[in-house]
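Visitor: got a predicted structure plus its sequence, pasted below:
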Amino acid sequence: MQPTQRRLANAIRALAMDAVEAANSGHPGMPMGMADAATALFTKHLKFDAADPRWPDRDRFILSAGHGSMLLYSLLYLTGYDQPTIEDIKRFRQLGSPCAGHPENFELPGVEVTTGPLGQGLAMAVGMAVAERHLNAVYGDDLVDHRTFVVAGDGCLMEGVNHEAVGLAGHLKLGRLIVLWDDNNITIDGSTELSRNEDVIARFQAAKWHTVECDGLDAGKVSKAIEKAVADERPSLIRCKTIIGYGAPNKQGTAATHGAALGADEVAAARKELGWDSPPFEIPDDVRATWREAGSRGSKAHAEWTRRLEASGKSEEFSARIAGKIDDAWLKPYLETLLADLKPVATRKASEAALGAINAAIPATIGGSADLTGSNNTRTKGQEPLTADNYSGRYIYYGIREFGMSAAMNGMALHGGVIPYGGTFLVFTDYARPAIRLSALQKARVIYVMTHDSIGLGEDGPTHQPIEHLQSLRAMPQLKVYRPADGVETAECWALALTDDEPSILALTRQNLQPLRTSAAKENLCAKGAYRLKDADKPRKVIFLATGSEVEIALAAAEKLEAQSIGVDVVSMPCTERFDAQPQPYRDDILPDVSNREILRVSVEAGTTFGWERYTGLHGLRIGIDRFGVSAPAPDAYDYFGLTPDKIAARVVDFMKQRGME
Ligand SMILES: Cc1ncc(C[n+]2csc(CCOP(=O)(O)OP(=O)(O)O)c2C)c(N)n1
Ligand SMILES: [Mg+2]
């Protein structure tokens, strides 16, 4: 006799209890409450093949309630993925185990996205569903035809980002997005009544979602609800009424099961309650066999899909597209055209021009903006909007949803087959920051087009003028921050961002900048992160390190110093992270290892000076802005903060005098 769905679910419950017990750390409540619903999904509905976690047409499963990671690890193990092994599960949350505290896409191929920061899994799922519909529009049902399933908790549905995600999904009519809500009325502090009285169902309905309710502890009923969700054209919310920690007789239904080991006595009592008599980490043969069958349920569909791909004549193109392979063949001809007709241009405009060439050459790009299309210059000629009526479009109007946009872009990038870029003002990276951090952690190739990158945006004033943003973003691991100085650098930085396997931020100006790179270079000079734009004419006394719009100011200041017989190198530093990764000899060549008395290093950036001592040394000179900005036309703001060639040259001369350098 086949084990019942309940018995299959109890295998999840047992593994979750035992792993948390062994680690004496973790969250048993959520996996125990949602075990039946997950069993229904994985044994009856989810299209996947445990033998190939990367099958492009698999359904995506996202555990937005990432604290319940043992639910996912159990499912991957039980259905027969190569990883995790039972040994991995025994070492849950220990150093080196792929069964990390929260699900990490870079640890286990079966984990689609990294979750734990509540709400973001759901928001990334929206991006996955967008990518699926877009690729379906491009390649047809034969090659792309899958769904995105999410398990979200009360926390996910309280976080602000869920409002952005739910609004966007409803608007884009993402009918293949299905969210199972673990409605257990419990969060860490206790009952949800402590903090929520909204009608969640009514809210989703108002956002044009389909909703359905079921007993989340009855796999059969969950199955019926999933069938209804699949049949509906709208995105669906399935309200699964559950009991947190279900099966632990003395603790279930309470916050005590949320995030702590149940304790030996309660685990023993739960085993009795559930009729589960196997020792820890042991799965009875009948249960294992049935779970394994569920894991290979999709193998036939997978094989048929592979045959269709081979017969499509698009096999190579499709596979390259999914693998995300692109080159920068567009760059050279683009730069030739650019250099033939140089004029002052804002780097946001230069970015738009580069994007014209990029979008024509690389069909995988999908652009967008959080309601600042005309300011971010992110939409190029002929780029059709991606809408509910036309998923083949390549431009998304995200609305005023910076966080939602960024999280969706993470989902799109991790789905594969598309390369998302999206814009807002640099200052509003603050609104997007939690998703930017997940781009970096997950190595999602997302390109953030962040314009209005300094006081140079002018009259909008201090609320809109970034100060600490560049440096705070540079502090984030696995993220490249680019601040190009002219049209050529902008194109070079775009090329680097597109071919990277990490996310990038392009910080771009509102104001016009002079062309600085006026002839073709043999290589992409921005690739080294910093390079000498001008060599000292007179004996070198000063090295300017400048970025973006301040490079031309540093150049003009250098000319003034040269006129006073002070030799100055000007180094353009579009990407500090790349410079840091250069071999020592290169870094020594740009920044010789001598004291600031011999050669003074001066940083010039219209933002905080915090951190620039990393390059100037403690005894160097840092020119920047260590307060909030001002509301004024850009030239007045620059003058006010002393960021003009005259004022900078004077400051350098003064500083050198004080140091006895002359
Ligand atoms: C953004 C964010 N804030 C806070 C936390 C810490 N945290 C983890 S789980 C949780 C409670 C979530 O409640 P719910 O989603 O209902 O999960 P349940 O207790 O039902 O398992 C909190 C506050 C987090 N992981 N992410
Ligand atoms: Mg809850």
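Guide: Received the coordinates, thanks. Ligands and ions are numbered 1, 2, ... in the order given.

Visitor: now for the residue lying closest to residue 504 once chain neighbours are set aside: which residues touch it?
Guide: Leaving aside its sequence neighbours, residue 504 sits nearest to residue 497 (Cβ to Cβ, 6 or more residues apart in numbering; 3.6 Å). C-betas here are computed from N, CA, C, even on glycine. Listed by Cβ atoms under 8 Å, 6 or more residues apart in numbering, the contact set of residue 497 reads 447, 480, 482, 504, 506.

Visitor: make JSON lines from those residues and add neighbour count to it.
Guide: What follows is the contacts of residue 497, written out as JSON lines (neighbours: other Cβ atoms under 10 Å):
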{"residue": "447", "neighbour count": "27"}
{"residue": "480", "neighbour count": "25"}
{"residue": "482", "neighbour count": "29"}
{"residue": "504", "neighbour count": "23"}
{"residue": "506", "neighbour count": "28"}
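
Visitor: which stretches of the stretch 351-500 of the chain form strands?
Guide: Using DSSP state E, counting those that start in this stretch, the strands of the stretch 351-500 of the chain run over 365-369, 395-397, 419-425, 447-451, 480-482.

Visitor: who's in contact with the second one?
Guide: Just to be clear, that refers to strand 395-397. Applying Cβ under 8 Å, 6+ apart, the set of residues contacting strand 395-397 from outside is 130, 366-369, 371, 373, 378-379, 383-386, 405, 408, 422.

Visitor: if you set the cut-off to 7 Å instead, what comes out?
Guide: Here strand 395-397 makes contact (Cβ atoms under 7 Å, 6 or more residues apart in numbering) with 366-368, 379, 383-386.

Visitor: out of those, which one sits closest to ligand 1?
Guide: residue 368 (23.9 Å; Cβ to the nearest ligand atom).

Visitor: which residues touch the closest one?
Guide: Taking Cβ under 7 Å, 6+ apart as the contact definition, residue 368 lies against 378, 395-398, 405, 422.

Visitor: quick check: which ranges of this structure have low pLDDT?
Guide: When residues are selected by pLDDT under 70, those of the chain lie in 662.

Visitor: residue of it closest to ligand 2, please.
Guide: With Cβ to the ion as the measure, the residue in the chain that lies nearest ligand 2 is residue 154; the distance is 3.7 Å.

Visitor: thought that residue was touching residue 187?
Guide: Yes: with contact taken as Cβ atoms under 7 Å, residue 154 and residue 187 are classed as touching, separated by 5.3 Å.

Visitor: just give the nearest non-adjacent residue to residue 411, would you?
Guide: Of all residues beyond its chain neighbours, the one nearest residue 411 is residue 127 (2.6 Å), with distances taken as Cβ to Cβ, 6+ apart.

Visitor: that neighbour is in what secondary structure piece?
Guide: Using DSSP states H and E, residue 127 sits in helix 120-139.

Visitor: which element follows that helix toward the C-terminus?
Guide: Per DSSP H and E, the helix or strand that comes after helix 120-139 is strand 148-152.

Visitor: what's whichever helix or strand comes after that next one in contact with?
Guide: Using DSSP H and E, the helix or strand that follows strand 148-152 in sequence is helix 160-171. Outside of helix 160-171, the residues within contact range by Cβ under 7 Å, 6+ apart are 119-120, 122-123, 126, 129, 156, 177, 204, 207-209, 235, 398, 401, 403-404, 407-408.

Visitor: surely residue 628 forms part of a helix?
Guide: No: according to DSSP: H, G, I helix; E, B strand; the rest coil, the state of residue 628 is coil, so it is not within a helix.

Visitor: stretch 55-71 spans what distance, first to last residue?
Guide: Using Cα to Cα, to the nearest Å, one end of stretch 55-71 lies 22 Å from the other.

Visitor: near ligand 2 at all, it?
Guide: No: using Cβ under 5 Å from the ion, no contact is recorded between stretch 55-71 and ligand 2, whose separation bottoms out at 7.8 Å.

Visitor: distance from that stretch to the middle of the chain?
Guide: On the basis of Cα atoms, centre = their mean, to the nearest Å, stretch 55-71 is displaced by 16 Å from the centre of the chain it belongs to.
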